[in-house]
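Student: below is the sequence, then the predicted model.
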Amino acid sequence: MTGEPDNLVLVYLRRIDEKVDRLIDDVNDLKRRVPGVEENLAGVHRRIDRLELRVERIERRLDLADATH
């Protein structure tokens with residue numbers, strides 16, 4: 001029995017500890033990456049807003065805009 005652990009509970013606790021460490025690394029990675037995604041999404045929204053304004057201006061120039069605008 002030389003290769004077997006002394007305490008099975010300790011083996012499971014070590015495995016849980018390793019998994020928690022991996023989860024912590026994954027969460028830290030996400031914390032670093034999410035702000036960049038949010039910034040890029042905000043940029044996309046700004047571009048869409050500008051495009052909407054340009055389309056509205058074009059529609060007005062071509063008298064294609066609804067009377068409700």
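Tutor: Done, it's in.

Student: quick one: secondary structure of E56?
Tutor: When classified by DSSP: H, G, I helix; E, B strand; the rest coil, E56 comes out as helix.

Student: give me the distance from stretch 17-30 to the chain's centre.
Tutor: Centre-to-centre, stretch 17-30 and its host chain are 17 Å apart (Cα atoms, centre = their mean, to the nearest Å).

Student: average pLDDT across that stretch?
Tutor: Mean pLDDT, stretch 17-30: 98.

Student: which residue ranges of the protein form helices?
Tutor: According to DSSP state H, the chain carries its helices in the segments 8-61.

Student: burial count for A65?
Tutor: Close neighbours of A65, defined as other Cβ atoms under 10 Å, add up to 14. C-beta coordinates here come from the backbone N, C-alpha and C atoms, glycine included.

Student: cool, E59 as well?
Tutor: 13.

Student: is it true that it touches E52?
Tutor: No - E59 is beyond contact range of E52, at 10.5 Å (criterion: Cβ atoms under 8 Å).

Student: tell me the backbone dihedrals of A65, please.
Tutor: A65 adopts backbone torsions of phi -70, psi 150, taken as degrees, to the nearest 10.
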